[in-house]
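[1] sequence-free structure coming up:
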């Protein structure tokens, strides 16, 4: 079993829709959770960073962590065509320094 | 603050050759990690260097090696290239101390094509 599981999609939504992206993980020691956005032919860029459980909001983006279910989500409100990209989740334990990534979900927002 | 830079951006090699990729981390970052990204496998961890020492290693054959210099710049070498080595190679830098202040920042990648 992989440390981090992420549905690869692809996901296609109309402009203005609410998008939900998810990852599950198996290591209960993971404490730090990240979402990266990767445009085609570019490196991933950090989008959201959360520590432990709870929600974090930044503009149209909300990151949610449920440690009891080992489940993290990224919500995108009022999705825009410019949100079309691959979204990768990543996590790190509080006892180590290695980062573990999901395989990424490809999102297309149709105008 | 300058971001992570990688050179070259594109590379075409033939089977059996070797290749060296370079990564310059963000100033002040001491950790450099290397990843291989392919459409089928996603982002796969190769190895991480911290203060010139390999600290973590993924499940890749010995043909993949790396090193880090005293200024934190890192190089990755792949010997005896195979067709399956064609991928986007990404470098990421971080402070390297773990904890809530440590996050990885990626470079633009080097796209390697093996013919």
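    Perfect, I can see it now. These figures come from a predicted structure and were not determined experimentally.
[2] Chain A versus residue B:32, what's the distance?
    12 Å (C-beta to the nearest C-beta, to the nearest Å). Where C-beta positions appear, they are placed from N, C-alpha and C, glycine not excepted.
[3] Just give the nearest non-adjacent residue to that residue, would you?
    Distance criterion C-beta to C-beta, 6 or more residues apart in numbering or on different chains; nearest residue to residue B:32, sequence neighbours excluded, is residue B:74 at 4.0 Å.
[4] Kindly report the same for residue B:18.
    Counting by C-beta to C-beta, 6+ apart, residue B:18 lies nearest to residue B:79, which is 4.3 Å off, once chain neighbours are set aside.
[5] pLDDT value on the residue nearest to residue B:32, please?
    As predicted, residue B:74 sits at a pLDDT of 98.
[6] just checking, it touches residue B:30?
    No - using C-beta atoms under 8 Å, residue B:74 makes no contact with residue B:30, being 10.7 Å away.
[7] Same drill for those two, tell me which one is more crowded.
    More crowded of residue B:74 and residue B:30, by other C-beta atoms under 10 Å in any protein chain shown: residue B:74, with 25 against 16.
[8] Phi and psi next, for the more buried one.
    Note on residue B:74: its backbone torsions stand at phi -130, psi 150 [degrees, to the nearest 10].
[9] Pull the contacting residues for whichever residue of chain A sits closest to chain B.
    Among the residues of chain A, residue A:103 lies nearest to chain B; the distance is 3.0 Å by C-beta to the nearest C-beta. Contact partners of residue A:103, counting by C-beta atoms under 8 Å, 6 or more residues apart in numbering or on different chains, are A:6, A:8, A:88, B:41, B:42, B:43.
[10] let's see 6 Å
    By C-beta atoms under 6 Å, 6 or more residues apart in numbering or on different chains, the contact set of residue A:103 is A:6, A:8, B:42.
[11] separation between residue B:54 and residue A:107?
    Remark: distance between residue B:54 and residue A:107 (C-beta to C-beta, to the nearest Å) = 35 Å.
[12] quick one, which of these two is more surrounded?
    Higher neighbour count among residue B:54 and residue A:107: residue A:107, with 20 against 13, using other C-beta under 10 Å.
[13] For the residue nearest to residue B:32, list each beta-bridge partner.
    Counting by DSSP bridges, residue B:74 forms beta bridges with residue B:23, residue B:68.
[14] Thank you kindly, that will do.
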